[in-house]
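# Predicted model and sequence follow; I will ask about them next.
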Amino acid sequence: MSETRAKSRKIVSYAKYGYIFIAPFFIVYCFFMVYPLINTFILSFQGNDNLVGVGVGFDNYKALLFGMGSDTIPADNAMAASKDYWSSWGITLILWAGNFVVQLALSLLLAVWFSDTRIKLKGAGFFKVVFYLPNIITAVSVAGMFIMLFGDTKYNVVNSVLLKMGLVGDPIKFVTNDWIARVVVMFIQSWMWFGNTTLLLMSGIFGIDPSIYEAASIDGSSGMHQFINITMPILKPIFLYVFITSMIGGLQMFDIPYMYNNTGTTSPFLRTQAVYIYNHFYKGANNYGYSAAASIILFIITAALGLVIYNINTGDGSGKKRKGSK
């Protein structure tokens, strides 16, 4: 009798309340992420300027990737768009690689230094906060600050100091010289993000069992040998995360190159992929098709590179062991 009553008793499920609580996130995500992505994909198959809203098939993709003209895109326009497009890819990779190498090297050095129990640095917490502070400053403010410091005129701080010290005869073109401006942007990106990377690497190092280092020291292993054979392999997941997030941020770099290049579209040496997309979408002619096609290509390349890097770093060894065990 009691079993029958237990079965007939109504079972209350609270799972639906969980869906209610997480629903706002998915609604906002779909509205601000999924819908714009779908709309951008549709827009990439439409024309530019006076052909906005007219379907042109893959003409925008052909023009950007191969410089191919068509009935809707003149050959000269297609060649110019393709030249600027591939040039922006080169600039994007240069700026990303330049700041990522410096950022990773500096962050790794500081992480190992501050996490080494044998050094016992005083005020480590203070330095961690100071290192992370540039990451919470808005990019627009940072760009404006560096333009005041590294402007082209004699009234800017760096040029004023160099001129007074007699180290230069004329003001250095920190903004309008292509490679000098790129180096400054690389420095800004590294300065803004090295603190975040340092904290990530430190968290990974603190998660390593100290007994591993003690055993290695007893066996006569040097500090460099421990770093190469213990620290680096264990930090592999952290490196993977840092590399993927840095790659995504580097390929979508916009605010610092755009704001530091205060001459707008007339100076192409800081025209990254994101700046190229913005210029076609917002400035000049209404090249919505070009900008949408470039956005979709950027999305596909970013997703593909992320998957490849993830599979390379997580698939080696595990798959072989599973095959061997079978």
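All right, it came through fine.
# next helix or strand past the lengthiest helix in the chain?
With residue count as the measure and DSSP state H as the assignment, the chain has helix 75-115 as its longest helix. Following the chain from helix 75-115 toward its C-terminal end, the next helix or strand by DSSP states H and E is helix 124-136.
# what angle separates that next one from helix 75-115?
Our comparison of helix 124-136 with helix 75-115, counting by axes from the mean of the first three to the mean of the last three C-alpha atoms, to 10 degrees, yields an angle of 170 degrees.
# what mean pLDDT does helix 124-136 have?
Per-residue pLDDT values over helix 124-136 give a mean of 84.
# how about it as PDB, C-alpha atoms only?
The C-alpha trace of helix 124-136 is given here as PDB (Å, rounded to 0.1, in the frame of the first residue of the first chain):
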ATOM      1  CA  ALA A 124      54.500  41.000  -4.600                       C
ATOM      2  CA  GLY A 125      50.800  41.800  -4.200                       C
ATOM      3  CA  PHE A 126      51.300  45.500  -4.900                       C
ATOM      4  CA  PHE A 127      53.200  44.700  -8.100                       C
ATOM      5  CA  LYS A 128      50.500  42.300  -9.300                       C
ATOM      6  CA  VAL A 129      47.900  45.100  -8.900                       C
ATOM      7  CA  VAL A 130      50.200  47.600 -10.700                       C
ATOM      8  CA  PHE A 131      50.800  45.100 -13.600                       C
ATOM      9  CA  TYR A 132      47.100  44.500 -14.000                       C
ATOM     10  CA  LEU A 133      46.100  48.200 -13.900                       C
ATOM     11  CA  PRO A 134      46.700  49.000 -17.600                       C
ATOM     12  CA  ASN A 135      44.200  46.200 -18.500                       C
ATOM     13  CA  ILE A 136      41.300  48.000 -16.800                       C
END
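# name the helices or strands packed onto it?
Contacts defined by 3 or more C-beta pairs under 8 Å, 6 or more residues apart in numbering; DSSP states H and E place helix 124-136 against helix 75-115, helix 178-206. Every residue, glycine included, has its C-beta placed from N, CA and C.
# most tightly surrounded among those?
Mean neighbour count, computed with mean count of other C-beta atoms under 10 Å, is highest for helix 178-206 among the helices and strands packed on helix 124-136, reaching a mean of 19.
# quick one: contacts for the most centrally placed residue in the chain?
Taking C-alpha atoms, centre = their mean as the criterion, residue 249 is the residue nearest the geometric centre of the chain, at 1.1 Å. Residues in contact with residue 249, defined by C-beta atoms under 8 Å, 6 or more residues apart in numbering, are residue 193.
# Quick check: it is in a strand.
No: judged by DSSP: H, G, I helix; E, B strand; the rest coil, residue 249 forms no part of a strand; its state is helix.
# Tell me, what's the model's pLDDT at it?
Residue-level confidence at residue 249 comes out at 87, pLDDT.
# Please apply the same query to residue 25.
Reading off the confidence values, residue 25 has pLDDT 91.
# and the helix or strand harbouring it, how far out from the chain's middle?
Assigned by DSSP H and E, residue 25 belongs to helix 15-29. On the basis of C-alpha atoms, centre = their mean, to the nearest Å, helix 15-29 sits 29 Å off its chain's mean C-alpha point.
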